[in-house]
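In: Structure for this input, please:
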Amino acid sequence: MSMNLPTWLKATGIVVIALLTVSVVANSHRLDVYGTYIRQKSPEIATRLIDLSVEMDEAAVRKHFEGTQLSCVAEGPGAGSLGDRVCYTPLDKADGDAALMLAAFFRQGRLSSAIVHVPWWVHKTWMQRLTEQFGPPRPAGRVSRFGGPILRWSMSNGYVEFNRDRGIDVLEWNSLVWTGKRQGT
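Out: Prediction:
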């Protein structure tokens, strides 16, 4: 059976396929994370951000995120380094919503930052949760490496930053970043 499709429909189909191909190629570094999310059952965590502390060592972080199998490696020095050691694990959920990855960064044996990557479809839920927990955010005065503005919530133990806007690329994840501070600073 031969179908004579209008030229505009054929052209639209070609453009859609080309855009999907470009998106997949541009996000090839993310595909393994999404593949793990889809294929494997990973842990669910409660972030309990207010309980994180720069005094926590690796054992305390493992206890805080109980039920995860953190893999740890040394981090090389560099301007983009969040610490000298990172422990990470894939996730299924964080605080009841879809999550992709947890990474905890250490500097000289103590927790410095924790990051949870969440898929774009739960961006709004996380924005609401953070605002309910910590009040209205303020602009962080910087942008993510993807070019989008960042919002910041201050806490007694540090601050949390999150992408202000959900990206248009459905494979781009959002990053919830806790950065610790010493008490009294």
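In: which residues in this structure form helices?
Out: Here the chain has its helices, by DSSP state H, at 7-26, 28-39, 58-64, 123-134.
In: Can you flag the weakest of the ones you listed by average pLDDT?
Out: Among the helices of the chain, helix 28-39 carries the lowest mean pLDDT, at a mean of 59.
In: where do the strands sit along the protein?
Out: According to DSSP state E, the chain carries its strands in the segments 44-45, 71-74, 85-90, 93-94, 97-98, 101-107, 110-118, 138-143, 149-155, 158-163, 174-180.
In: Figure out which of those strands is closest to residue 57.
Out: With respect to residue 57, and counting by CB to CB, the nearest of the strands of the chain is strand 110-118 at 6.3 Å. For the C-beta atoms, the positions are set from N, CA and C on the backbone; glycine is no exception.
In: Alpha carbons only: can I get the closest one in PDB?
Out: Below are the C-alpha coordinates for strand 110-118, written out as PDB (Å, rounded to 0.1, in the frame of the first residue of the first chain):
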ATOM      1  CA  ARG A 110      35.100  16.100  55.600                       C
ATOM      2  CA  LEU A 111      32.000  16.700  53.600                       C
ATOM      3  CA  SER A 112      32.100  19.900  51.500                       C
ATOM      4  CA  SER A 113      29.200  19.400  49.100                       C
ATOM      5  CA  ALA A 114      26.400  17.000  48.200                       C
ATOM      6  CA  ILE A 115      24.600  17.000  44.800                       C
ATOM      7  CA  VAL A 116      21.500  15.200  43.700                       C
ATOM      8  CA  HIS A 117      20.700  15.100  40.000                       C
ATOM      9  CA  VAL A 118      17.000  15.100  39.300                       C
END
